[in-house]
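> Sequence and predicted model, in that order:
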Amino acid sequence: MFGKIISLLKDLYYTFFPKTCIFCNEPLTKRERRAGKNEKSVIYERICYTCRKNYRYEDITNIGDNFAPIAGYIKDICIALWYPIAKTAIHKFKFKENIRKGEILSRMLCDRLEDKIWIYDIDYIVPVPLHYIDKFKIGYNQCDIIADVIGKRFKKKVIKNNLTRVVRSKSQHKSSRQDRYKNVRGAFKVKHPDVFNDKKILLIDDVVTTCSTLKECCRVLKGNSNNEIYVACLSSGIK
């Protein structure tokens with residue numbers, strides 16, 4: 001009897017304060033909420049049936065096929081979400097100060113990383129840095145949030161202040177592939193290269209499109225250091 005009352009109160013609560021899908025923002029049905037509880041992680045309680053069919057990114061078998069610009073720098077790349085599905089949620093995380101949404105997306109990335117053997121041997125997690133002006137305007141670096149969630153899940157050290165952004169590039173949103181590479185050339189610097197020498201590094205970005213930012217970060221991370229670089233991103237539209 002008591003259980004039925006609790007269930008009715010929950011139904012009433014969700015009538016006025018519905019849970020919505022993290023991707024499409026449509027209200028979740030009672031059936032969708034319950035289905036999520038049977039999944040590997042409770043975050044799936046926040047995904048509707050329609051988005052659940054399409055949100056996951058395909059496993060990457062050959063880096064050079066779609067990520068050729070960084071193939072020579074990295075050992076592997078892990079991407080959680082297919083961008084056309086995830087873009088609204090990621091935009092709210094990046095520009096609307098919705099850190100909670102970013103943490104949920106980051107936990108989805110963690111679920112994908114669990115299947116990667118190399119994650120357990122990583123020495124340091126390094127987020128792609130923002131220029132200090134952009135970080136001040138937004139209030140935080142979204143890649144820092146992602147890195148913190150991953151670091152906590154896998155008990156890895158996050159280093160945020162060694163890879164720095166020294167040049168504030170113009171917005172990349174409408175730039176061509178060639179212009180994007182020019183925009184970020186020389187934008188990053190490693191303060192203490194010896195810290196990353198002989199280490200396995202997990203580089204974190206939110207969205208990868210042309211690989212221009214990741215390529216420049218990898219280039220300076222390699223520098224004079226002997227290291228292995230792995231990459232994890234929330235999302236990509238590259239197929």
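It's in.

> element containing the residue nearest to Ser169 when sequence neighbours are not counted, please.
Spatial nearest neighbour of Ser169, excluding adjacent residues (Cβ to Cβ, 6 or more residues apart in numbering): Asn183 at 4.3 Å. Every residue, glycine included, has its C-beta placed from N, CA and C. Asn183 is part of helix 177-184, with elements assigned from DSSP states H and E.

> Asp134 too?
Element membership for Asp134, per DSSP H and E: helix 132-138.

> Please apply the same query to Asp144.
In the assignment (DSSP H and E), Asp144 maps to helix 142-154.

> circling back to that earlier point, how about the helix or strand following the helix holding Asn183: buried residues?
Past helix 177-184, heading to the C-terminal end, the next element that is a helix or strand (DSSP H and E) is strand 188-190. When neighbours are counted by 16 or more other Cβ atoms under 10 Å, the buried residues of strand 188-190 are found to be 188, 190.

> outside of strand 188-190, which residues touch it?
If you take Cβ atoms under 8 Å, 6 or more residues apart in numbering as the criterion, strand 188-190 is touched by 129, 162-166, 196, 216-217, 220-221, 223, 225.

> Tell me which helix or strand comes right after it.
Proceeding N to C from strand 188-190, the next assigned helix or strand is strand 200-208, under DSSP H and E.

> partners of the helix or strand encompassing Val126, with directions?
In this structure, Val126 sits in strand 124-127 according to DSSP H and E. Its sheet considered, strand 124-127 pairs with strand 157-158 (parallel), strand 200-208 (parallel) by DSSP bridges.

> Let's have the ones you listed in JSON lines, adding mean neighbour count.
Listed next are those as JSON lines, based on neighbours: other Cβ atoms under 10 Å:
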{"stretch": "strand 157-158", "mean neighbour count": "14"}
{"stretch": "strand 200-208", "mean neighbour count": "23"}
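
> can you redo these as a markdown table with distance to Phe95 and mean pLDDT?
Converted to a markdown table, the strands paired with strand 124-127 look like this (distance: least, Cβ to Cβ, whole Å; pLDDT from 0 to 100):
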| stretch | distance to Phe95 | mean pLDDT |
| --- | --- | --- |
| strand 157-158 | 23 | 98 |
| strand 200-208 | 11 | 97 |
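
> nearest to Leu109, of the ones you listed?
Proximity to Leu109 (Cβ to Cβ) singles out strand 200-208 among the strands paired with strand 124-127, at 8.8 Å.

> Show me what the next helix or strand after the closest one is packed against.
Elements were assigned by DSSP H and E; along the chain past strand 200-208, the next helix or strand is helix 212-222. Here helix 212-222 touches helix 68-71, strand 163-165, helix 177-184, strand 188-190, strand 200-208, strand 228-236, going by 3 or more Cβ pairs under 8 Å, 6 or more residues apart in numbering; DSSP states H and E.

> between helix 212-222 and strand 228-236, how many degrees?
What separates the directions of helix 212-222 and strand 228-236 is an angle of 160 degrees, with axes from the mean of the first three to the mean of the last three Cα atoms, to 10 degrees.

> Work out the gap between helix 212-222 and the centre of the chain.
Taking Cα atoms, centre = their mean, to the nearest Å, one finds the center of helix 212-222 at 17 Å from the center of the full chain.

> Stretch 49-63 now?
Mean C-alpha position of stretch 49-63 versus that of the full chain (Cα atoms, centre = their mean) differs by 14 Å.

> Grab the CA positions of that stretch and hand them over as PDB.
As requested, the backbone C-alpha atoms of stretch 49-63 are provided in PDB (Å, rounded to 0.1, in the frame of the first residue of the first chain):
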ATOM      1  CA  TYR A  49      13.600   5.900 -26.800                       C
ATOM      2  CA  THR A  50      14.000   7.900 -30.000                       C
ATOM      3  CA  CYS A  51      17.300   9.400 -29.100                       C
ATOM      4  CA  ARG A  52      18.600   6.200 -27.500                       C
ATOM      5  CA  LYS A  53      18.600   4.600 -31.000                       C
ATOM      6  CA  ASN A  54      20.900   7.200 -32.500                       C
ATOM      7  CA  TYR A  55      23.000   9.000 -29.800                       C
ATOM      8  CA  ARG A  56      26.000   6.600 -29.600                       C
ATOM      9  CA  TYR A  57      29.000   7.100 -31.700                       C
ATOM     10  CA  GLU A  58      30.300   4.200 -33.800                       C
ATOM     11  CA  ASP A  59      33.400   2.400 -32.500                       C
ATOM     12  CA  ILE A  60      36.500   3.600 -34.200                       C
ATOM     13  CA  THR A  61      38.600   0.900 -35.800                       C
ATOM     14  CA  ASN A  62      41.000   3.000 -37.900                       C
ATOM     15  CA  ILE A  63      42.000   6.500 -36.700                       C
END
